[in-house]
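1. turn this into a structure:
(one chain, ligands or ions: 1)
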Amino acid sequence: MRNRSVATVAIATIAALGLAACGSSNEPEGTPGGQTSSLATTAGGAGGEVGVFTWWAAGSEKKGLDELEKLFKEKYPNDTFVNLAVAGGAGSNAKAKLASDLKNNQPPGSFQGHAGAELLDYIDAEQIEPVNDVIQALGGDKVFPKNLLDRLTVDGNIYSVPSNIHRANVVWANTEVLKKAGINAVPTDIKGWIADMEKVKASGVATPLSVAGTWTQLQLFETILISDLGVEKYNGLFDGKTAWDSPEVKQAAADYKTLLTYANTASDGDDWPVATDMVIDGKAAYNVMGDWAVAEFAAKGKKEQTDYQYFAVPGQEGVFDFLADSFTLPKGTKNPGGTKDWLMLIGSAEGQKAFNLAKGSIPARTDVPATDFPPYQQSAMEAFKTNDIVSSIAHGAAVSLAWNADMSTAISKFYTTKDDAGLVTDLAAAAKKYLP
Ligand code: GAL
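-> Down below sits the predicted model:
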């Protein structure tokens, strides 16, 4: 198990999702969630402290966590919830603190980890334990989609409990700004989108597109890759079938460079709400952001269609750029009983409804009624069922933490140099380090 590479798992999950023609010999054995061990729990909770480590420290993200904390206190009165959140979207600060706590054998009660390649890092480092019993007690593959459980499974063991699914390839747009610019149709490709940005500029909005710090730029870039490469070639970037210096990647780098000429100047530390708020405030027409953004629009009292609109990044209608948060049972944690109470709560239908309503994401469970959610989330639930699913680079689904770090360095360097050929060279060099 320990020698399974990230790329091997990427291939296994892609195969499981039906996105590649290759066989599934790398798929974990056994039915995910099908283990038989039972879960011993105490009514009211095991007692003691449960430190929960996330990066949901502010704004709408904190509201989601607050919902979980409230329910946890209600269901497990014997336990004490300790909020260990470290501010910074996408775990931009949290991940370093977590890595050092894990290295120093100071694991929290549970920590947030992305389904897919990122989780594999923790599994390979032997920092987390299987949670088969919890998944089983929650309903296993009767309530969690197989394509999600596959991303949490290595050699038949499931290593985390998913709390939600997010979509990364969404454009959020200001209705009034588009109207003023005379834009009334959704562009179908990057070229068309750039033409619309020209119209926005001509209408007097200096920065049609908003971006924030490095991880938001990496996320924007990944969506341009998806548009310019298409699903199959994009997936091929993670198993070596698509070269990182192919003409399509070069095109994506060139398009990304053009897009940034329409964007504001961001500081590295700018977190995502800075960019999303520019759309909310009418200072930009567009922001590419994961659908945690919908919670920000809601928090600012904005109404769908009247105030804002959303659509898949041009060129990827029918494609869902996937990421999922999940929670772990760290090896050596002081109160594993309390951790399992937490995992049971976040994996329950009640916990998932409360959390995802506040967070903008959709439940990982399939038995939470869509009608309980606002229109955006209903559309995302439908899209997750029917679209082609691809894995997010910026949010741990497609690449390991180390590969993500190298790509972030390349994207950050590019933000200064604007040298698209250099970006391709750096990305190809990074891929070479991590592909088998
Ligand atoms: C992602 C995470 C989301 C959201 C986002 C912005 O990595 O999966 O839940 O928190 O970062 O911070």
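2. so where does the closest residue to Gly116 other than its chain neighbours fall, helix or strand?
-> Counting by CB to CB, 6 or more residues apart in numbering, Ala397 is the residue found nearest to Gly116 once chain neighbours are left out, at 3.6 Å. Any C-beta I mention is one placed from the backbone N, CA and C, and that applies to glycine too. Assigned by DSSP states H and E, Ala397 belongs to no helix or strand.
3. and Asp66, what pLDDT?
-> We have a pLDDT of 98 for Asp66.
4. how close does the closest residue to the ligand within the chain sit to Lys353?
-> At 3.3 Å from the ligand, Gly89 is the closest residue in the chain, using CB to the nearest ligand atom. Using CB to CB, to the nearest Å, we find Gly89 at a distance of 24 Å from Lys353.
5. these two: who's more crowded?
-> Neighbours were counted for Gly89 and for Lys353 using other CB atoms under 10 Å; Gly89 has more, 28 against 18.
6. helices of the stretch 251-400 of the chain, start to end?
-> 272-280, 293-299, 336-347, 349-359, 375-386 (DSSP state H, counting those that start in this stretch).
7. so which of these is nearest Val319?
-> Among the helices of the stretch 251-400 of the chain, helix 375-386 comes nearest to Val319, with 8.9 Å by CB to CB.
8. burial count for the nearest residue to Ser326 once chain neighbours are set aside?
-> Spatial nearest neighbour of Ser326, chain neighbours left out: Ser160 (3.7 Å); criterion: CB to CB, 6+ apart. Neighbourhood size, Ser160 [other CB under 10 Å]: 31.
9. show me the contacts for Ser160.
-> 113, 115, 119, 128, 131, 152, 326-329 (CB atoms under 8 Å, 6 or more residues apart in numbering).
10. so which of those residues belong to strands?
-> Judged by DSSP state E, the subset of these located in strands is 113, 326-327.
11. dump these into JSON lines; add pLDDT, neighbour count and distance to the ligand as well.
-> JSON lines is the format used below for the ones in strands among the contacts of Ser160 (pLDDT from 0 to 100; neighbours: other CB atoms under 10 Å; distance: CB to the nearest ligand atom, whole Å):
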{"residue": "Gly113", "pLDDT": "97", "neighbour count": "29", "distance to the ligand": "9"}
{"residue": "Ser326", "pLDDT": "98", "neighbour count": "29", "distance to the ligand": "9"}
{"residue": "Phe327", "pLDDT": "98", "neighbour count": "26", "distance to the ligand": "12"}
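12. for stretch 323-341, list every residue counted as buried.
-> 323-330, 333, 335-341 (16 or more other CB atoms under 10 Å).
13. stretch 181-197 too?
-> Buried-residue list, stretch 181-197, by 16+ other CB under 10 Å: 181, 183, 186-187, 190, 193-194, 196-197.
14. using JSON lines, lay out the helices of the stretch 251-400 of the chain together with distance to Gln251.
-> Rendered in JSON lines, the data for the helices of the stretch 251-400 of the chain read as follows (distance: least, CB to CB, whole Å):
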{"stretch": "helix 272-280", "distance to Gln251": "24"}
{"stretch": "helix 293-299", "distance to Gln251": "27"}
{"stretch": "helix 336-347", "distance to Gln251": "41"}
{"stretch": "helix 349-359", "distance to Gln251": "34"}
{"stretch": "helix 375-386", "distance to Gln251": "26"}
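15. can you lay out these as a markdown table showing mean pLDDT and distance to the ligand?
-> Shown next, in a markdown table, are those (pLDDT from 0 to 100; distance: least, CB to the nearest ligand atom, whole Å):
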| stretch | mean pLDDT | distance to the ligand |
| --- | --- | --- |
| helix 272-280 | 98 | 6 |
| helix 293-299 | 97 | 9 |
| helix 336-347 | 98 | 12 |
| helix 349-359 | 98 | 7 |
| helix 375-386 | 97 | 13 |
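16. quick one: contacts for the residue nearest to Gly44 when sequence neighbours are not counted?
-> Nearest non-adjacent residue to Gly44, counting by CB to CB, 6+ apart: Asn78, 4.5 Å away. Contacts for Asn78 (CB under 8 Å, 6+ apart) come out as 42, 44-47.
17. mind redoing it with 6 Å?
-> 44-45, 47 (CB atoms under 6 Å, 6 or more residues apart in numbering).
18. now, of the residues you listed, which are buried?
-> Buried among those (16+ other CB under 10 Å): 45, 47.
19. tell me, which of the contacts of Asn78 make contact with the ligand?
-> By CB under 6 Å from any ligand atom, no member of the contacts of Asn78 lies near the ligand.
20. in the stretch 101-250 of the chain, mark out all the helices, start to finish.
-> Going by DSSP H, counting those that start in this stretch, the stretch 101-250 of the chain shows helices at 117-124, 132-138, 146-149, 175-180, 190-202, 214-236, 247-260.
21. can you list the low-confidence ranges for the stretch 1-150 of the chain?
-> Along the stretch 1-150 of the chain, the parts satisfying pLDDT under 70 run over 1-37.
22. around the ligand, pick out the residues from it.
-> So far as CB under 6 Å from any ligand atom goes, the stretch 1-150 of the chain lies against the ligand at 55-56, 61, 89-91, 114.
23. mind doing that once more with 8 Å?
-> 54-56, 61, 64, 88-91, 112, 114 (CB under 8 Å from any ligand atom).
24. on that earlier part again, which of the helices of the stretch 101-250 of the chain comes out lowest on mean pLDDT?
-> helix 146-149 (a mean of 93).
25. that one: how far from the chain's middle?
-> 15 Å (CA atoms, centre = their mean, to the nearest Å).
26. any idea how far stretch 217-235 is from the middle of the chain?
-> The answer for stretch 217-235 is 15 Å, by CA atoms, centre = their mean.
27. check which residues of it are buried.
-> Neighbour-count burial for stretch 217-235 flags 217-231, 233-235 (criterion: 16+ other CB under 10 Å).
28. do the same with stretch 133-151
-> For stretch 133-151, by 16+ other CB under 10 Å, it's 133-141, 143-145, 147-151.
29. now Gln251, nearest residue through space, not along the chain?
-> Asp228 (4.9 Å).
30. how close does the one you found get to Ala275?
-> In terms of CB to CB, Asp228 sits 22 Å off from Ala275.
31. Asp426 now?
-> 23 Å.
32. quick one, which of these two is more surrounded?
-> A side-by-side neighbour count of Asp426 and Ala275, using other CB under 10 Å, places Ala275 first with 28 against 21.
33. now for the more buried one: which residues touch it?
-> Contacts of Ala275 (CB under 6 Å, 6+ apart): 210-212, 216, 287.
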